[in-house]
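Just to be clear, the model below is a prediction. Sequence and coordinates:
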Amino acid sequence: MILADKIIELRKKCGWSQEELAEKLDVSRQAVSKWESAQSVPDMNRILKLSEVFGVSTDYLLKDELGEAPAVENPPEDAGVQLTRVSMEEARAFLAYRDKAARRVSLGVLLCVLSPVALILLGSLRESGRINLGEQAAVGIGLLILFALVGSAVAMFVVTGLAGKRFEYLEKECIETEYGVAGIVKERRDREQGSFIAQLVSGIVLCVVSAMPIFAAMILPEAGEAAETFRYGIAVSLLLMIVAVGVWLIVRACFRRGSCAILLEEGDYTREKKEQQRGSQTLSAVYWGVATAGYLGYSFITGDWQRSWIVWPVAAVLFGAVLAVWTAVRRKGEK
């Protein structure tokens, strides 16, 4: 077992994240990450500090020997965390599942965003006199398409969720990966770094510029009421299409990157954050359930589908604030 794997194993036995170990050693998280991926080797002073922090001998750290790590001589207070061991086969199966899930979930989100487009377009075409279709027929066809798309998306979400039930523990429990797993996952993460950045940046840019069709409709010469209705109907439809593609790229990229973070217990999946998220799951379910009910209720009652989409970005911004307040209150109550 090389030094990199020994650091990973000892760190996880102590129940620490890379950030926590870096703080104890007075180094950056990137330094610890490089040690664990064998991109660099700590100097002798750091070796001595590692020996002290982990409660093992320097001989154990420096000799490339196989075998289990010795028991920690002076275990920290948080070292009693029960770890679930993840084998190489389990890790490969999880990554394969997440690759399929990334495609399904991102496509499902895209369909949800696109679902009201047909309703908006048909309403605009009817009101502008470009199609000879009654109001009830236009609304009926639009709603039929909307529910078909949403239903397809929900089916994808359900199938993906059921297929991933066996892997739920990876996101919720503290884990310990088998020898070699961390190296493979880090290699994949580094290999996909360029693609991740390209998709994430492209998705964010598309979401930012998605309002351009609305602005374009505003600066065009004024026309009659029918022409204005058609113009803004097309603009809103284009806005939703651009947002759909942008969100599809973001969800797909983040889903794949999240697979690596889960197995490495990094980012949003450190042990500390897993503890925090256990309590926030109920809040999240209730919040988004209320947001969805509000969106559908307002849209159906007013019929103002061209403007009701604003509920989603507003809800997303408010959710961050609600979660921050809830976390602060929870931490205060635990003290």
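Great, that's in hand. Numbers count the residues shown, from 1 in each chain.

Which parts of the stretch 201-335 of the chain are helices?
212-219, 225-264, 271-302, 305-308, 311-334 (DSSP state H, counting those that start in this stretch).

Next, format the ones you listed as CSV and append mean pLDDT.
Listed next are these as CSV, based on pLDDT from 0 to 100:
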stretch, mean pLDDT
helix 212-219, 88
helix 225-264, 89
helix 271-302, 73
helix 305-308, 70
helix 311-334, 70
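
Nearest to Val27, out of the ones you listed?
helix 225-264 (18.0 Å; Cβ to Cβ). (Each C-beta comes from the backbone N, C-alpha and C, glycine too.)

could you check the angle helix 212-219 makes with the closest one?
Inter-element angle recorded for helix 225-264 and helix 212-219: 160 degrees (by axes from the mean of the first three to the mean of the last three Cα atoms, to 10 degrees).

So which other helices or strands are in contact with helix 225-264?
With contacts taken as 3 or more Cβ pairs under 8 Å, 6 or more residues apart in numbering; DSSP states H and E, helix 225-264 sits against helix 88-114, helix 117-127, helix 168-172, helix 181-191, helix 193-209, helix 212-219, helix 305-308.

7 Å - rerun?
Applying 3 or more Cβ pairs under 7 Å, 6 or more residues apart in numbering; DSSP states H and E, we find helix 225-264 packed against helix 88-114, helix 117-127, helix 181-191, helix 193-209, helix 212-219, helix 305-308.

before we move on, back to that, looking at the helices of the stretch 201-335 of the chain, which is nearest to Ser51?
Comparing those under Cβ to Cβ, the one sitting nearest is helix 271-302, at 22.8 Å.

And the helices of the stretch 201-335 of the chain: which comes nearest Ser87?
helix 225-264 (11.6 Å).

Would you mark the buried spots in that closest one?
Using 16 or more other Cβ atoms under 10 Å as the burial criterion, the residues of helix 225-264 that qualify are 228-264.

Then stretch 135-149?
Result for stretch 135-149 [16+ other Cβ under 10 Å]: buried residues 138-139, 142-143, 145-146, 149.

Let's see which of those end up in helices.
138-139, 142-143, 145-146, 149 (DSSP state H).

can I get the residues you listed in CSV with pLDDT and distance to Trp288?
What follows is those, written out as CSV (pLDDT from 0 to 100; distance: Cβ to Cβ, whole Å):
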residue, pLDDT, distance to Trp288
Ala138, 87, 30
Val139, 88, 26
Gly142, 91, 24
Leu143, 92, 22
Ile145, 94, 23
Leu146, 93, 19
Leu149, 94, 19
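
so which of the residues you listed comes closest to Met156?
Nearest member of these to Met156, counting by Cβ to Cβ, is Leu149, at 10.9 Å.

Can you name every helix or strand that the helix or strand hosting Gly151 contacts?
Assigned by DSSP states H and E, Gly151 belongs to helix 135-163. Applying 3+ Cβ pairs under 7 Å, 6+ apart, we find helix 135-163 packed against helix 88-114, helix 117-127.
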